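> below are the sequence and a predicted model; questions follow.
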Amino acid sequence: MPRTEHLVGTRALLLAAARDEFAAHGMGGARVGRIAEQAGVSKERIYGYFGSKEKLFAAVISEALTEHATLLGPPSADLAEYAGRIYDLHRRNPHLLRLMMWEALYYDGGLPNEQPRTARYRDMVATLSEALGSQSDTEPGSESDTEAASTLLALIGLAILPTAFPQITRLILGTAADAPGGDDELRAHIVRLARRMVTPLSDALT
C-alpha cells in the first residue's frame, strides 16, 4: 500500500475509534489508550496525527457535523416534514447527538471551527427563509431572517428532544414510547406540531 493511502487509512481508523470513545465517555472520560487499542495503533500515532486528545476530539466533532449536514440536507419547502427528517436522523444515528451534547458540556465559549459552522447555519437559515416565502434578496439580520433562525432552532429542538433526553420521554409517555409503532406515532406527532408551528409563520411571510 502506498504511504499516502496508509496514512489516510490509519487516520480514518483513529477517527472511527475516537468517535465511539468520545460518544460513550465525552472529552473528559475518553482514554487515548483505548482509542489506540481499538484502532490497532500506538498512542504515539494519535499524537503524531492530531497533536493532542483535545484536537482529536475537535476533529471527531468536525467529521460528525459534516456527516450530519450531508445526511440531513437543507431545509425543504415542507418544514414540518423537515422536522421529521431531523427526528429520523438522530434516532438512527444517536452518536451524532451525543457528540454534540458532550461538546456543549466541554467547551465554555468558542468552539473549534466555529466560523465555518456558523456560516453553514446561516446558509440553512437563508434556505429556510426562502422556503417560508420571504424575498430572496433579504439582507441578513432582517426581520424575516431572524424569524427563520428562531424557527430553525425551534424545529431542531422539537425534533431532537426525545433522543437527547430519553428519560424524559419515558417518564412522560411511559411504555407507549417503547410499544410497537410507538416511534412512528411520536414522529407523526412531532410533524403535526411542527406543521401547526410553521403554518401561521408561512402565511404571514407570503
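Yep, it's here.

> give me the next element, helix or strand, following the longest helix that the chain contains.
Assignment by DSSP state H gives helix 3-29 as the longest helix of the chain. Downstream of helix 3-29, the first helix or strand assigned by DSSP states H and E is helix 32-39.

> just the buried positions in that following helix, please.
32, 34-36, 39 (16 or more other CB atoms under 10 Å). Backbone N, C-alpha and C define where each C-beta goes, glycine included.

> what packs against the following helix or strand past that helix?
Following helix 32-39 in sequence order, the next helix or strand is helix 43-50 (DSSP H and E). Here helix 43-50 touches helix 3-29, helix 32-39, helix 53-72, going by 3 or more CB pairs under 8 Å, 6 or more residues apart in numbering; DSSP states H and E.

> alpha carbons of the helix or strand where Y121 lies, as PDB, please.
Using DSSP H and E, Y121 sits in helix 114-131. Extracted as PDB, the C-alpha positions of helix 114-131 are listed here (Å, rounded to 0.1, in the frame of the first residue of the first chain):
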ATOM      1  CA  GLU A 114     -16.800  27.900  14.800                       C
ATOM      2  CA  GLN A 115     -16.700  30.300  11.800                       C
ATOM      3  CA  PRO A 116     -17.400  27.700   9.100                       C
ATOM      4  CA  ARG A 117     -20.000  26.100  11.200                       C
ATOM      5  CA  THR A 118     -21.800  29.400  11.800                       C
ATOM      6  CA  ALA A 119     -21.700  30.000   8.000                       C
ATOM      7  CA  ARG A 120     -23.300  26.600   7.500                       C
ATOM      8  CA  TYR A 121     -26.200  27.500   9.800                       C
ATOM      9  CA  ARG A 122     -26.500  30.900   8.100                       C
ATOM     10  CA  ASP A 123     -27.000  29.000   4.800                       C
ATOM     11  CA  MET A 124     -29.700  26.900   6.400                       C
ATOM     12  CA  VAL A 125     -31.400  30.000   7.700                       C
ATOM     13  CA  ALA A 126     -31.300  31.600   4.300                       C
ATOM     14  CA  THR A 127     -32.800  28.400   2.700                       C
ATOM     15  CA  LEU A 128     -35.500  28.300   5.400                       C
ATOM     16  CA  SER A 129     -36.300  31.900   4.900                       C
ATOM     17  CA  GLU A 130     -36.900  31.300   1.200                       C
ATOM     18  CA  ALA A 131     -38.900  28.200   2.000                       C
END
